[in-house]
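Participant: Need the 3D shape of this:
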Amino acid sequence: MLLMKKILIALTLFVTMSVTAHAQFLNFGVRGGVGMAVHFDDLADNSPIMAANLGGFVTFGFTNSQSLLAENFYLQTGLNLIRRGSHFQEVLEGIMSIRKGTYDAWYLQLPILATFRYELPVREPGHHALLSVGPAVSYGIFGTLHDMKITPRLPQSDWNYDVSIPAFNAMKPLDVSLLLGVGYEYEDLSVMLQLDYGMMAVSTSPDALNISQETPQIKDVPIGSNFALLLTLGYQFPIR
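Facilitator: Down below sits the predicted model:
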C-alpha cells in the first residue's frame, strides 16, 4: 500500500506538470453531487453515511494534435471539498461491550482525471458518453469522530464512554485514492457516476496481539480505508 501511495502521488504530480507543459486550456466549470461513503476496516461492521462532493474543475485538451484520439480525449483537474466517513459498530466479546459511532470527515481533494469522450450515434449532435479514470490526493481539514462504548451488564463501568473528538485526531489526514467514472454529456452539462476507492489506510488500531519482547509497548497498525460512490452534476463554462 505504501508503494502504491507513492506511485499515485508521483503520477499525480507528473500529470499535473505534463498538463501545464503540453496541453491547451479548454474550459472551466463546477461540479457537485451526493452518494454513499463507507470507511472499511477489519474490526467493525460498517454502514454508509451520505457522501458529498462540491468543487470546481479545469479541462485541458490536445486539439492541436494530429491524432484522431486527441479529439476525444482530455485531462481534467480541480479542487473539491468532499465528505467521507462511516457509521460503525464493534462487539468487544471479552468484556461484553459494544462500541459504535460515526466518522464524519471532510477533505480537500485534488483529482487528475483522464477522460475519453465518445459521441453517441444519434440524430442530434452534442450527446457524448464519458469514461474517466485517474488518481486523487486528499487532505483532511475538519470533521468529527463520535465514539461510544456501552456495557449492557455493567452500565456504570469505567469502561463505558461517549465522546466526540476531531476526526483527524483518530485518522491520518492524507488519503490517496483511485477515481473511476462513467457518465453522459450534452453540450455544457454532464452527469457522472463516480467510484472513489481509497488506496491507503487512514485509520489505525492498537495491535495487542503482536507485542515483541524487545518493544513491549502496544503499537498501532493500519486498519481502514475510504470508499465512496457518487452521482454528480457538472456544468462547464464554454470559452468562446
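Participant: from here on, contacts and neighbour counts on C-alpha atoms
Facilitator: OK.
Participant: dump the residue contacts of the residue most central in space within the chain.
Facilitator: Centroid-nearest residue in the chain: Asp196, 4.7 Å away (criterion: CA atoms, centre = their mean). Listed by CA atoms under 8 Å, 6 or more residues apart in numbering, the contact set of Asp196 reads Ser177, Leu178, Leu179, Leu180, Phe227, Ala228, Leu229.
Participant: Let's have those in a markdown table, adding pLDDT.
Facilitator: Shown next, in a markdown table, are those (pLDDT from 0 to 100):
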| residue | pLDDT |
| --- | --- |
| Ser177 | 94 |
| Leu178 | 95 |
| Leu179 | 96 |
| Leu180 | 96 |
| Phe227 | 94 |
| Ala228 | 96 |
| Leu229 | 97 |
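Participant: Sticking with the residue nearest to the centre of the chain, tell me its helix or strand.
Facilitator: Asp196 is part of strand 189-198, with elements assigned from DSSP states H and E.
Participant: nearest residue to Arg75 other than its sequence neighbours?
Facilitator: To be clear, residue 75 is Leu; Arg isn't right here. With sequence-adjacent residues excluded and distances taken as CA to CA, 6 or more residues apart in numbering, Leu75 is closest to Ala114, at 4.7 Å.
Participant: tell me the SS of the one you found?
Facilitator: State at Ala114, reduced to three classes by DSSP: H, G, I helix; E, B strand; the rest coil: strand.
Participant: can you count the residues close to it?
Facilitator: The number of residues packed near Ala114 is 19, by other CA atoms under 10 Å.
Participant: thought it was touching Thr77?
Facilitator: No. Counting by CA atoms under 8 Å, Ala114 stays clear of Thr77, with 9.1 Å between them.
Participant: re earlier: closest one to Tyr118 out of the contacts of Asp196, please.
Facilitator: Lowest distance from Tyr118 to those (CA to CA) belongs to Leu180, with 16.4 Å.
Participant: ok, that closest one - contacts?
Facilitator: If you count contacts by CA under 8 Å, 6+ apart, Leu180 has them with Leu131, Ser132, Val133, Gly134, Gln194, Leu195, Asp196.
Participant: Output those as a markdown table; include the columns pLDDT and distance to Pro238.
Facilitator: Shown next, in a markdown table, are the contacts of Leu180 (pLDDT from 0 to 100; distance: CA to CA, whole Å):
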| residue | pLDDT | distance to Pro238 |
| --- | --- | --- |
| Leu131 | 95 | 21 |
| Ser132 | 95 | 20 |
| Val133 | 95 | 23 |
| Gly134 | 94 | 24 |
| Gln194 | 97 | 23 |
| Leu195 | 97 | 27 |
| Asp196 | 96 | 27 |
